[in-house]
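Participant: just coords:
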């Protein structure tokens, strides 16, 4: 029997206008193609009118460059990069609530926190909340190690990523503001 192949995950980052409905357009692009996104995070950038959407997709089912090209065609998308094609830093944050109602379970959790980039951020008489921020693979490994202790709840942020060194994703785009306070959408003449 063949072992299942691990598919390569790709990270795509899109700079988009910070307007209502933009995230819906981005997600709808994936929905129309009947494709699942493994991770999706959205946040403002250092420019109030620009947000950054970071998506992790399965490269076995979809060509990341093709998806980036399709994203770039959306009206409110300013820039798109396949971050995973070059050197990059990626992080995933997880909060894990675990059972620590006896000395053995507490000691196990404390020992795991020493071996991983994790820390106990809340301790109660029966449960503790542990925070880990690391590469996705390390977060997954840490969660697997906590399962025997007794996981009660998990919350994760999704992956964020940034190119290393001089690989910068930024834009000079400024929205055109009309007299009535409305802004124009992105207009591009060539792709």
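Facilitator: Nice, thanks for sending it over. Every value quoted in this text rests on a predicted model; they were computed, and no experiment measured them.

Participant: which helix in the protein runs the most residues?
Facilitator: The helix that spans the most residues within the chain, counting by DSSP state H, is helix 103-115.

Participant: hmm, who's touching that helix?
Facilitator: Helix 103-115 is contacted by residues 98-100, 118-120, 128, 130, 142, 145-146, 148-150 when judged by C-beta atoms under 8 Å, 6 or more residues apart in numbering. Every residue, glycine included, has its C-beta placed from N, CA and C.

Participant: Sheet partners, orientation included, of the helix or strand just after it?
Facilitator: Per DSSP states H and E, the first helix or strand lying C-terminal to helix 103-115 is strand 118-123. According to DSSP bridges, strand 118-123 forms sheet pairs with strand 127-134 (antiparallel).

Participant: picking up where we left off before, now do the longest helix of the chain against strand 118-123, angle only.
Facilitator: Counting by axes from the mean of the first three to the mean of the last three C-alpha atoms, to 10 degrees, helix 103-115 lies at 140 degrees to strand 118-123.

Participant: Next, the contact list for the spatially most central residue of the chain, please.
Facilitator: The residue lying closest to the centre of the chain (C-alpha atoms, centre = their mean) is residue 159, at 2.5 Å. Contact analysis of residue 159 by C-beta under 8 Å, 6+ apart lists 11, 39, 41, 54, 56, 90-92, 136.

Participant: now that we have these, which one has the most neighbours?
Facilitator: residue 11 (24 neighbours; other C-beta atoms under 10 Å).

Participant: which one of the contacts of residue 159 is nearest residue 66?
Facilitator: Comparing those against residue 66 with C-beta to C-beta places residue 11 closest, at 15.2 Å.

Participant: and the contacts of helix 103-115, which are buried?
Facilitator: 98-100, 118, 120, 128, 130, 142, 145-146, 149 (16 or more other C-beta atoms under 10 Å).

Participant: got the contact list for residue 135?
Facilitator: Applying C-beta under 8 Å, 6+ apart to residue 135 gives the contacts 90-92.

Participant: one step back: can you redo the contacts of helix 103-115 as JSON lines with distance to residue 71 and pLDDT?
Facilitator: Formatted as JSON lines, these follow (distance: C-beta to C-beta, whole Å; pLDDT from 0 to 100):
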{"residue": "98", "distance to residue 71": "38", "pLDDT": "97"}
{"residue": "99", "distance to residue 71": "42", "pLDDT": "96"}
{"residue": "100", "distance to residue 71": "43", "pLDDT": "94"}
{"residue": "118", "distance to residue 71": "34", "pLDDT": "97"}
{"residue": "119", "distance to residue 71": "36", "pLDDT": "97"}
{"residue": "120", "distance to residue 71": "39", "pLDDT": "97"}
{"residue": "128", "distance to residue 71": "40", "pLDDT": "96"}
{"residue": "130", "distance to residue 71": "35", "pLDDT": "98"}
{"residue": "142", "distance to residue 71": "32", "pLDDT": "98"}
{"residue": "145", "distance to residue 71": "36", "pLDDT": "97"}
{"residue": "146", "distance to residue 71": "36", "pLDDT": "97"}
{"residue": "148", "distance to residue 71": "41", "pLDDT": "96"}
{"residue": "149", "distance to residue 71": "41", "pLDDT": "96"}
{"residue": "150", "distance to residue 71": "41", "pLDDT": "96"}
